[in-house]
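Engineer: Structure here, sequence nowhere to be found:
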Ligand code: GLC
């Protein structure tokens, strides 16, 4: 039996992008009251926890990842009292709450940054950030060659001539983690939310937080890297782990750690650091049996020595929707990346997304489900330019389509926009042809994506072999195009990524299939959960 304090080892966690989940007050923007009204939906879906994207006061220069005040809820979303009530009432439904912490940067409207601007060069207030003089005769060039993740230079110049560092948008100044205030403040923010019942935190850009204070130019292959995965970061998370464990019900720390080197990744999961971290190797893997097997094997091998459970993620608010991605041929470029206009076959993509759902829900560890994935929503690739908010789009002059296409408000019911979401117009327009994808419509259809997720999540809870635990490859089963593994002597998952139907093991009984068996065989792009004899 899993220790209830270790719920995070096998949880199914639903990601709520508040702005686009449900709108109770009719302004076209999702809110906490909307989430509250849909708690029965989430409970019925069968998830163990909710992870909320940042819900704090913010100018929304990057969808709330520009936090102006961690102790206040964004007014469009609701109030602190509502957040407290939501955390408590979700728990009444057996659902824990995870909040998002963004340690790398704050909003340029944050009190600290405003103080720093006002206080001027050389002031103590500027020490909490990375202010520097520019290079060149007149200081007209940025202090180094670092670029923003969203395009362009990572530096912006202020009227007094100094420059400040922002690895993301210019409205997101990077904090200086060498500064004791920065550490103390974040620990207080963690306590603030843990005291209000948050069961854990998702840590944004967790490996990018600490910088080389000399801010050297980035040179290819630099080791240590000047801003990625620096050793000093581990002290920060060790302190957070102590804090998380000071609670009678220890809180969980979940890192957003994008690192190519699995060994370096695993260091974040040592027993006195983070509890889990997102597994992006799996997410970025195309629909290819060899590569998926390799991604799964590497993931498990890397987690084993630190005894941390793996996480399985198919989608989030930064990634092209799954059915759109899997409907494309592997183009060879970063599979998860935003690239619109590449032809996709949504029928094929949906079939594969259904199979991928059963695959990821059967793998050992915890699993993340981004809102709308349970409805099989496609990426919205034709948003009018005027409505696009993502700085990734704007900082690249549209060369990068940005991430708004996976952030479109959910369709709940009815035949026309806003499909029961709330007020109209919605902050991003919904495609007019989403009537078939609403929760209402899919609830009536036992073959829908929603029905599949509901059944799979229910089974995942009742099958003791699922969630945390071990996996064994089903040796000698099928060929290279088939992923087959057992989670116990009696439970197997088989996924057919090949072009031919596959015979199922003799004497096995189907618990759940992502499609229809044909003459007892598993068709291409289909997955099945089996009870073994
Ligand atoms: C993370 C978030 C992303 C955000 C960025 C900057 O990658 O997931 O949405 O834009 O950090 O905070």
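Structural biologist: That came through fine. Since this is a predicted model, take the numbers as computed values, not measurements.
Engineer: Low-confidence regions, the stretch 401-533 of the chain specifically.
Structural biologist: Filtered on pLDDT under 70, the stretch 401-533 of the chain yields the residue ranges 478-479.
Engineer: Mind doing that once more with 90?
Structural biologist: Within the stretch 401-533 of the chain, the ranges that satisfy pLDDT under 90 run 474-480.
Engineer: Do a quick rundown of the strands in it.
Structural biologist: For the stretch 401-533 of the chain, strands defined by DSSP state E, counting those that start in this stretch occupy the ranges 472-473, 482-486, 491-496, 502-503, 509-513, 521-522, 526-531.
Engineer: So for residue 457, which of those sits nearest?
Structural biologist: The closest of the strands of the stretch 401-533 of the chain to residue 457 is strand 509-513. By Cβ to Cβ, the value is 10.7 Å. (Each C-beta comes from the backbone N, C-alpha and C, glycine too.)
Engineer: Return the residues in contact with the most centrally placed residue in the chain.
Structural biologist: In the chain, the C-alpha nearest the mean C-alpha coordinate belongs to residue 316, at 4.2 Å (Cα atoms, centre = their mean). If you count contacts by Cβ atoms under 8 Å, 6 or more residues apart in numbering, residue 316 has them with 15, 278, 283, 368, 370.
Engineer: With mean neighbour count and distance to the ligand as added columns, please give the strands of the stretch 401-533 of the chain in TSV.
Structural biologist: TSV is the format used below for these (neighbours: other Cβ atoms under 10 Å; distance: least, Cβ to the nearest ligand atom, whole Å):
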stretch	mean neighbour count	distance to the ligand
strand 472-473	12	32
strand 482-486	22	28
strand 491-496	25	28
strand 502-503	16	37
strand 509-513	16	31
strand 521-522	21	35
strand 526-531	23	28
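Engineer: Contact partners for residue 52?
Structural biologist: 16, 18, 97-100.
Engineer: Of those, which qualify as buried by neighbour count?
Structural biologist: Among the contacts of residue 52, those that count as buried by neighbour count (16 or more other Cβ atoms under 10 Å) are 16, 18, 97-100.
Engineer: Now compare the residues you listed and name the two farthest from each other.
Structural biologist: Among these, 18 and 98 lie farthest apart (Cβ to Cβ), at 13.1 Å.
Engineer: For the one residue in the stretch 351-500 of the chain that gets nearest to the ligand, the count of nearby residues, please.
Structural biologist: Nearest residue of the stretch 351-500 of the chain to the ligand, counting by Cβ to the nearest ligand atom: residue 403, 6.9 Å away. Number of residues near residue 403 (other Cβ atoms under 10 Å) recorded here: 22.
Engineer: same question, residue 136
Structural biologist: Here the count is done by other Cβ under 10 Å, and residue 136 has 9 residues near it.
Engineer: And the pLDDT for it?
Structural biologist: pLDDT recorded at residue 136 is 97.
Engineer: Give me the mean pLDDT for stretch 188-196.
Structural biologist: 98.
Engineer: Tell me which residues of it come out buried.
Structural biologist: So, applying 16+ other Cβ under 10 Å, buried residues of stretch 188-196: 189-190, 193-194.
Engineer: Same check on stretch 20-28?
Structural biologist: Quick answer for stretch 20-28 (16+ other Cβ under 10 Å): 20-25, 28.
Engineer: what residues does it touch?
Structural biologist: With contacts defined as Cβ under 8 Å, 6+ apart, stretch 20-28 is touched by 29-31, 33-38, 76, 371-372, 407-410, 412, 418, 421-428.
Engineer: if I pick the residue in the stretch 51-200 of the chain that the ligand sits nearest to, what's in contact with it?
Structural biologist: Here the residue of the stretch 51-200 of the chain nearest the ligand is residue 65; by Cβ to the nearest ligand atom that distance is 3.3 Å. Taking Cβ under 8 Å, 6+ apart, we find residue 65 in contact with 53-54, 58, 102, 105, 168, 172, 204.
Engineer: distance of the closest residue in space to residue 69 that isn't next to it in sequence from residue 288?
Structural biologist: Closest residue in space to residue 69, ignoring its immediate chain neighbours: residue 57 at 4.2 Å, by Cβ to Cβ, 6 or more residues apart in numbering. Separation of residue 57 from residue 288 (Cβ to Cβ, to the nearest Å): 44 Å.
Engineer: Next, the contact list for the residue nearest to residue 69, please.
Structural biologist: 67-69, 72-75.
Engineer: any low-confidence regions in the chain?
Structural biologist: The chain contains residues with pLDDT under 90 at 1-5, 258, 260-262, 279-281, 284, 328-343, 399-400, 474-480.
Engineer: which bits of it sit near the ligand?
Structural biologist: By Cβ under 6 Å from any ligand atom, the residues of the chain that approach the ligand are 62, 65, 102, 168, 204-205, 256, 317-318.
Engineer: Turn those residues into a markdown table, including distance to residue 456 and secondary structure.
Structural biologist: Formatted as a markdown table, the residues of the chain next to the ligand follow (distance: Cβ to Cβ, whole Å; DSSP: H, G, I helix; E, B strand; the rest coil):
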| residue | distance to residue 456 | secondary structure |
| --- | --- | --- |
| 62 | 33 | coil |
| 65 | 31 | coil |
| 102 | 32 | coil |
| 168 | 35 | coil |
| 204 | 29 | coil |
| 205 | 31 | coil |
| 256 | 25 | coil |
| 317 | 22 | coil |
| 318 | 24 | coil |
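Engineer: Let's see if you can find the most crowded of those residues.
Structural biologist: For the residues of the chain next to the ligand, neighbours tallied by other Cβ under 10 Å; top is residue 102, 27 neighbours.
Engineer: For that one, which residues are in contact?
Structural biologist: Residues in contact with residue 102 (Cβ under 8 Å, 6+ apart) are 54, 65, 67, 204-205.
Engineer: rerun at 10 Å
Structural biologist: Contacts for residue 102 (Cβ atoms under 10 Å, 6 or more residues apart in numbering) come out as 54, 56, 58, 62, 64-67, 70, 168, 172, 175, 186, 189, 202-205, 209, 256.
Engineer: can you give me the strands in the stretch 101-250 of the chain?
Structural biologist: 131-132, 155-157, 163-165, 200-203.
Engineer: what's the offset of the third one from the middle of its chain?
Structural biologist: Relative to the chain's own centre, strand 163-165 is displaced by 28 Å; criterion: Cα atoms, centre = their mean, to the nearest Å.
Engineer: again, but for the shortest one
Structural biologist: Strand 131-132 sits 32 Å away from the centroid of its parent chain (Cα atoms, centre = their mean).
Engineer: Which neighbours in the sheet does that strand have, and how are they oriented?
Structural biologist: Its sheet considered, strand 131-132 pairs with strand 163-165 (antiparallel) by DSSP bridges.
Engineer: can you check the second one too?
Structural biologist: Strand pairing for strand 155-157, using DSSP bridges, gives strand 163-165 (antiparallel).
Engineer: Outside of the partner strand itself, list whatever touches it.
Structural biologist: Contact with strand 163-165 is made by 105, 108, 113, 116-117, 126, 129-135, 139-144, 146, 148, 153-158, 170, 173-176, 211, 215, 227, as judged by Cβ under 10 Å, 6+ apart.
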